[in-house]
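1. What would the 3D arrangement of this be:
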Amino acid sequence: MRRLLRRRHDAEAEHAGEVAAAAAITTLPAEPDIQAAAFFDVDNTMMRGASIYHFARGLATRGMFSGSDLVKFALGQAVFRLRGNENPEHIAVARETALAFVAGSKVEDVVRLGEEIYDEVMADRIWSGTRALAQAHLDAGQRVWLVTATPVELARVIAQRLGLTGALGTVAESDNGIYTGRLVGDLLHGPAKAEAVRALARREGLDLTRCTAYSDSANDLPMLSLVGSAVAINPDAELREHARKHDWPIKDFRTGRKATMTALPIAAGVGAVAGAVAAGIALRRHYRARGEF
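-> Prediction:
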């Protein structure tokens, strides 16, 4: 049964990667190095903590759901991170859970709120060291993409605010600007990130041996191992060990005790979906209060 689930998960990851690449929007630099690119994970790599948590926190300040809801899903993210519950069964459950909240939400509202909340909450949480690395790639004429399990609409907002090329993220189906409640493909997590990068490389004519990937998590080893150069940013213990073994550069922009410097919660994979669920619940409550459901 586990072998069957694993094969199914691998197939779903490949499909999710294709979907994410198809949804990506490309912006070329002025003098492009068209075969090289850089790929950055978001949570705890480009940004302190979890982008979807910060989004949910911004919704909470708008009174769109309670502080206790925020605490519950924050703790859930921390538990997933600490226990490493990211096997195919858990991801399958998370996928089904994710479908429960998006139906009826307006895409334009998610984008608008994402822009507002990025400026209010997220901008100050960008690691300056990681942003400098991204800028160095842009200055060299290379395209720079975010690759994250965060919903693609929010990922695009972050990329646009940072002046990056674009973003690969989890894609939710929409019809006439309204979310249907179904995902297109699967969560962009783990192997699916590698598949998304591979699909984008085919579409954009990238030479993956000339590309670079950055992440904080061992969950992103498939993506990191796909490119010619991999860099561990603020790495977890497993990724730090792997990076040392394979002579990958390690950059740690955190200060003070590691237990406190990244701020709860640090989301990874399924934890990001928990944040999306909380955000979706908030949006649904907001619409109901306005009589739009």
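
2. What is the least confident helix or strand in this structure?
-> One helix or strand of the chain scores below all others by mean pLDDT, DSSP states H and E: helix 258-261, with a mean of 37.

3. next structured bit after the helix or strand where residue 150 lies?
-> Residue 150 belongs to strand 143-151 when assigned by DSSP states H and E. Sequence order places helix 152-162 as the next helix or strand after strand 143-151, per DSSP H and E.

4. Mind listing what's buried along that next one?
-> Counting neighbours by 16 or more other CB atoms under 10 Å, one finds that the buried residues in helix 152-162 are 152-160, 162. Bear in mind the C-beta positions are built from the backbone N, C-alpha and C, glycine included.

5. Quick one: residues in contact with stretch 199-208.
-> Applying CB atoms under 8 Å, 6 or more residues apart in numbering, the contact partners of stretch 199-208 are 17-18, 20-22, 24, 26, 34-37, 143, 145, 168, 197-198, 211, 226-228.

6. swap that for stretch 235-242, please
-> With contacts defined as CB under 8 Å, 6+ apart, stretch 235-242 is touched by 215-218, 220-221, 232, 243, 248, 250, 252.

7. how about the strands in the stretch 101-250 of the chain?
-> For the stretch 101-250 of the chain, strands defined by DSSP state E, counting those that start in this stretch occupy the ranges 143-151, 166-170, 172-175, 178-183, 212-215, 229-233, 250-251.

8. Tell me which of those strands lies nearest to residue 191.
-> Ranking those by proximity to residue 191 (CB to CB) places strand 143-151 first, at 12.0 Å.

9. by contact count, what packs against the closest one?
-> Secondary-structure packing of strand 143-151 (3 or more CB pairs under 8 Å, 6 or more residues apart in numbering; DSSP states H and E): strand 37-40, helix 51-61, helix 128-139, helix 152-162, strand 166-170, helix 191-204, helix 270-289.

10. Apply 6 Å and report the result again.
-> strand 37-40, helix 128-139, helix 152-162, strand 166-170 (3 or more CB pairs under 6 Å, 6 or more residues apart in numbering; DSSP states H and E).
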